[in-house]
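# Structure for the following, please:
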Amino acid sequence: HIILTEKCDCWHCQRLPPSSFDFRPLLAHPSLAGLSTLVLSPGPTTSIILTYTDISTLARTCPHLHILDLGPRNTPVSLHALNILVRRCRELREVSLCLDVMVRVDVLTDNKHADDDEVGLQPNTRFTELEVGPSPIEIECPVRPLCGSPSELTEESISISRFLHAMAPRLKSVTPHGTGGNRWQEVSDALGMMVTDEEDD
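Coordinates of the predicted model:
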């Protein structure tokens with residue numbers, strides 16, 4: 001387990017200048033292959049610098065990861081980066097981080113846009129908990145209810161939920177913290193319906 005936390009939320013710490021925590025050197029640690037829990041919780045003015053490459057490297061370096069918790073502190077990563085992490089780490093059950101959900105809807109729904117790292121990866125049936133920090137949703141598509149769907153569910157929400165459901169069939173909801181909460185609730189509602197429909201079949 002690796003758990004690094006900075007608990008101070010006092011007035012003085014809140015006024016410290018912004019700083020960053022570089023994730024990459026941590027990945028160079030020689031004994032990460034058997035890591036099951038990684039929790040990083042820096043102070044209120046510190047952000048975790050995280051890239052697509054970092055996530056891909058983490059997935060390859062820590063294949064037995066069960067829990068990844070970065071809270072609301074990381075620079076946002078894409079849904080495709082999350083997809084690689086969840087599918088490659090077959091024992092992963094819980095993730096908490098910030099996502100960048102600013103893509104075209106066809107990038108989520110068309111396999112030809114899949115990265116080489118994603119090809120051939122199977123869904124993760126153990127993954128059941130996803131918490132997102134401030135993660136606004138902005139997808140380029142007509143924002144309209146889909147035929148046969150509840151009126152509050154837009155094409156954006158359905159597209160994201162389908163992507164997440166294909167990644168992790170047992171994921172029933174997403175817990176949002178901060179920006180984008182209403183949209184994530186729509187995604188959660190759609191996910192819940194998908195899982196329930198499959199359980200009823």
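# Any chance of the backbone angles for the residue positioned nearest the centre of the chain?
In the chain, the residue lying closest to the centroid (CA atoms, centre = their mean) is Leu82, at 4.9 Å. In terms of degrees, to the nearest 10, the main-chain angles of Leu82 are phi -60, psi -40.
# how close does the residue nearest to it when sequence neighbours are not counted get to Arg162?
Leaving aside its chain neighbours, Leu82 sits nearest to Leu99 (6.5 Å; criterion: CB to CB, 6 or more residues apart in numbering). C-beta: built from backbone N, CA, C; applies to glycine. To Arg162, Leu99 is 16 Å away according to CB to CB, to the nearest Å.
# So between these two, which is more surrounded?
More crowded of Leu99 and Arg162, by other CB atoms under 10 Å: Leu99, with 24 against 16.
# Run through the bridge partners of that one.
Val77 (DSSP bridges).
# how about low-confidence regions in this protein?
For the chain, the stretches flagged by pLDDT under 70 are 4-19, 43-45, 103-119, 138-153, 179-181, 201.
# at 50 what do you get?
Scanning the chain with the threshold set as pLDDT under 50 gives 11, 112-113, 141-151.
# could you pull out the helices for the protein?
Remark: helices assigned in the chain by DSSP state H are 11-14, 24-27, 52-61, 79-88, 105-109, 155-167, 181-200.
# on contacts alone, who are the packing partners of the fourth one?
Based on contacts counted as 3 or more CB pairs under 8 Å, 6 or more residues apart in numbering; DSSP states H and E, the elements that helix 79-88 packs against are helix 52-61, strand 94-97, strand 99-100, helix 155-167.
# how about a cut-off of 7 Å?
Contacts defined by 3 or more CB pairs under 7 Å, 6 or more residues apart in numbering; DSSP states H and E place helix 79-88 against helix 52-61, helix 155-167.
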